[in-house]
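J.: below are the sequence and a predicted model; questions follow.
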Amino acid sequence: MQTRQEALDKLKKSKFRSSFHLNEEEKAYVREKGMDVIEKHARDFIRMRLAPAYIQNDGKQTPLKGHPVFKAMHATACCCRGCLNKWYKVQKGVWMTPEQQDKTVNLIMAWIEEEMK
Ligand SMILES: [Zn+2]
């Protein structure tokens, strides 16, 4: 099983994934809300948009902008069940386990933390 750092390093090698960065507005939003609140948002987005066994608009459920977590989801290949399956072998067609959801949130938050440095 790959570590969070291994996952982040692998993402950096992808031209597409590494093209996503937080802009100043998004960084200001993160600073204003604080990491705990952002993590709560991430947890909610994952639970509602990714975790269900069946998602009608899978592949299109994550906007490209509008929230720092959305951008982080694209940057970390946690944008849809197709990408989660391809990158992290998360099985499609079944609910994500609480552990899988935790790992996804942790990866997203690690990416945001790096962007905020
Ligand atoms: Zn995707």
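T.: Perfect, thanks for sending it. Numbers count the residues shown, from 1 in each chain.

J.: residues of this protein that sit close to the ion?
T.: By the criterion of CB under 5 Å from the ion, the positions of the chain lying close to the ion are Cys79, Cys80, Cys83. For every residue, glycine as well, the C-beta is placed using N, CA and C.

J.: SS state for the residue lying farthest from the centre of the chain?
T.: In the chain, the residue that sits farthest from the middle, by CA atoms, centre = their mean, is Glu32; the gap is 20.0 Å. At Glu32 the chain is in helix, as set by DSSP: H, G, I helix; E, B strand; the rest coil.

J.: nearest to the spatial middle of the chain, which residue is it?
T.: Met73 (2.8 Å).

J.: that one and Ser14, how far apart?
T.: 14 Å (CB to CB, to the nearest Å).

J.: now that we have the residues of the chain next to the ion, which one has the most neighbours?
T.: Ranked by neighbour count (other CB atoms under 10 Å), the residues of the chain next to the ion have Cys79 at the top, with 26 neighbours.

J.: give me the buried positions along the longest helix along the chain.
T.: Among the elements of type helix in the chain, defined by DSSP state H, the one spanning the most residues is helix 98-116. When burial is assessed from 16 or more other CB atoms under 10 Å, helix 98-116 yields the following buried residues: Gln100, Gln101, Lys103, Thr104, Val105, Leu107, Ile108, Met109, Ala110, Trp111, Ile112, Glu115.

J.: could those residues go into a markdown table alongside distance to Gln5 and pLDDT?
T.: As requested, those are arranged in a markdown table below (distance: CB to CB, whole Å; pLDDT from 0 to 100):
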| residue | distance to Gln5 | pLDDT |
| --- | --- | --- |
| Gln100 | 18 | 97 |
| Gln101 | 20 | 98 |
| Lys103 | 13 | 96 |
| Thr104 | 16 | 97 |
| Val105 | 16 | 98 |
| Leu107 | 10 | 97 |
| Ile108 | 14 | 98 |
| Met109 | 13 | 98 |
| Ala110 | 8 | 97 |
| Trp111 | 11 | 98 |
| Ile112 | 15 | 98 |
| Glu115 | 15 | 97 |
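
J.: of the residues you listed, closest to the ion?
T.: The shortest gap between the ion and any of the buried residues of helix 98-116 belongs to Thr104, at 12.3 Å (CB to the ion).
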